[in-house]
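**Q** Fold the following for me, if possible:
(one chain, ligands or ions: 1)
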Amino acid sequence: MPDKPWDGRFTQKTDKLVEAFTSSIDIDKRLYSYDIDGSIAHCRMLARVGVLTGDEAEMLTGGLETIRKEIEAGAFVYDDSLEDIHMHVESRLFDHVGPVARKLHTARSRNDQIALDVRMYLRAETREILSMLGELRRTLASVAETHIDVMMPGYTHLQRAQPVLLSHHLMAYYEMFTRDADRFRDGLKRIDVMPLGCAALAGTTYPIDREYTAELLGFPKISANSMDAVADRDFLIEFLSAASLCMIHFSRLSEELILWSSSEFKFIEMPDAFATGSSIMPQKKNPDVPELVRGKTGRVIGDLVAAITLMKSLPLAYNRDMQEDKPPLFDAVDTLKACIAVYIPMLPEITVNAETTCRAAAVGFLNATDMADYLVGRGMPFREAHAVTGKAVAEALKQGKELHELSLARLQGFSSLIAADIFDYLTTEGMIDRRRSAGGTARGNVRQAIAAAKAALSSEL
Ligand code: ARG
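**A** Model prediction:
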């Protein structure tokens, strides 16, 4: 092979600095198997439409398979002067099959080739992420089932608000991760479009059969516009956006695990196997895993911002700027997968201090809304009931007591509608189990939500 495929029109050799500067091989070599699969399908298609002979196609595909084995055996030599994975494969193909290698690049360009490779990569990774998210959601539902009796304070403004089941709290995350999965699944429809054969930007003069290439590579459809096909990266931005949202959900869950495992809360204890100690303070057990997940969320959001900023002013069609899409994409994929992978085994190992969470739910007037509801049940308008209860709270605060610790006589001083049954009404358990409105925290509802989640997960398989 000549030094560079474009040597013909150049009089100077590429400066070494430029070679290093423009090279993307360190990054895109991980696309090798998709690049080879795409080239094999392209060869078969070219043979079918008569652009290559059957023998030529055989030689080329044989050579490509040999290269795949070399790469997998770690026996492949990379070199900055060959720029990217496409040129590395093509150049090595010449070593294996000789001049026929020069026919491989007929009716395509690196612009449609990289679009194909990235789409194939992202399709496979999205499928894997969906299966990992399924496992995570299954874990959340099963941990929620284990802790179905654990009551805790629910918060707004990080102030104790009303009691909830820990399972209800966990199932809230199940819902978030389910929407994340839906977003990835939906994005897959737009990833799964075959761009090869759009060539540099305008299509090609050869009588190619793009539908056949798509069929060989398992794509349900081909891109409709050759310029769009080589210039579009919105499928990748959609993925990064779904990944950022998913990481934000992980980050919020992580923040709660960090808070809950602090001495101030003591709601949970992180498993030793998923925590680390301090090199100076012997007593410490730090929640490093959720902390790192929270930190990595910033990186993935940064990846999204890098990609959208990269694309915002690019004229059609391909621009070399677009080579910069891969570092953020690969980083986001690797980071998200690592976070899901560590959460799946960690969640079931977390110890829950049910006594502490339950005690916390009984302190801080979490039953004030229910006292108002009690009065409403006896005919008082809600606003009035709110005011009456507010006065009772003020009195209890003065006495350093909870509402249910005030005497019946004292409570009746606020309203004659109050009777002895108020004390049963104000228990944490009662408050939780009365919240039977659809989506509420009553145990029956949460049990149903867990059962629905399990049914949904088994039908996803
Ligand atoms: N390495 C390039 C990328 O990642 C592949 C396409 C290069 N095309 C070109 N005309 N230089 O985008």
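
**Q** Could you use CA atoms for every contact and neighbour count after this?
**A** Will do.

**Q** tell me the contacts of the residue in the chain that the ligand sits nearest to?
**A** Using CA to the nearest ligand atom, the closest approach of the chain to the ligand is made by Q323 at 3.6 Å. Contact partners of Q323, counting by CA atoms under 8 Å, 6 or more residues apart in numbering, are S24.

**Q** quick one, phi/psi of it?
**A** phi -60, psi -30 (degrees, to the nearest 10).

**Q** Just the local confidence number for it, please.
**A** Confidence at Q323, expressed as pLDDT, is 97.

**Q** Ok, the one 5 residues further on next?
**A** Model confidence at P328, given as pLDDT, is 98.

**Q** Pull out the buried residues from the strand or helix carrying it.
**A** Taking DSSP states H and E as the criterion, P328 maps to helix 326-346. Neighbour-count burial for helix 326-346, counted by 16 or more other CA atoms under 10 Å, picks out 326, 328-330, 332-333, 335-337, 339-341, 343-344, 346.

**Q** and if you look at stretch 182-192?
**A** Judged by neighbour count using 16+ other CA under 10 Å, the buried positions of stretch 182-192 are 183-185, 187-188, 190-192.

**Q** Can you pull the residues of the stretch 251-400 of the chain lying near the ligand?
**A** Within the stretch 251-400 of the chain, the residues that sit near the ligand (CA under 6 Å from any ligand atom) are 320, 322-323.

**Q** can you redo the residues you listed as JSON lines with distance to F219?
**A** Output for those, formatted as JSON lines (distance: CA to CA, whole Å):
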{"residue": "R320", "distance to F219": "26"}
{"residue": "M322", "distance to F219": "23"}
{"residue": "Q323", "distance to F219": "23"}
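
**Q** After the longest helix belonging to the chain, which helix or strand is next?
**A** Using DSSP state H to define each element, the chain has its longest helix at helix 110-146. Proceeding N to C from helix 110-146, the next assigned helix or strand is strand 151-156, under DSSP H and E.

**Q** Now do that following strand: which elements does it pack against?
**A** Using 3 or more CA pairs under 8 Å, 6 or more residues apart in numbering; DSSP states H and E, the elements in contact with strand 151-156 are strand 159-165, helix 354-362.

**Q** partners of the first one in the sheet?
**A** Using DSSP bridges, the neighbouring strands of strand 159-165 in the sheet come out as strand 151-156 (antiparallel).

**Q** Go ahead and name everything in contact with the strand it pairs with.
**A** With CA under 8 Å, 6+ apart, strand 151-156 has contacts from 160-166, 354, 357-362, 366, 428-429.

**Q** Can you go through those and name the buried ones?
**A** So, by 16+ other CA under 10 Å, the buried ones in these are 160-166, 354, 357-358, 360-362, 366, 428-429.

**Q** Give the buried residues for stretch 293-312.
**A** 293-294, 296-297, 299-308, 311.

**Q** Ok, stretch 264-281 next?
**A** Going by neighbour count (16+ other CA under 10 Å), the buried part of stretch 264-281 is 267-271, 274-275.

**Q** of those residues, closest to H42?
**A** Lowest distance from H42 to the buried residues of stretch 264-281 (CA to CA) belongs to F274, with 47.2 Å.

**Q** That closest one: what's it in contact with?
**A** Contacts of F274 by CA under 8 Å, 6+ apart are 287-289, 346.

**Q** Reformat these as a markdown table; add pLDDT and secondary structure.
**A** Formatted as a markdown table, the contacts of F274 follow (pLDDT from 0 to 100; DSSP: H, G, I helix; E, B strand; the rest coil):
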| residue | pLDDT | secondary structure |
| --- | --- | --- |
| P287 | 94 | coil |
| D288 | 95 | helix |
| V289 | 96 | helix |
| M346 | 98 | helix |
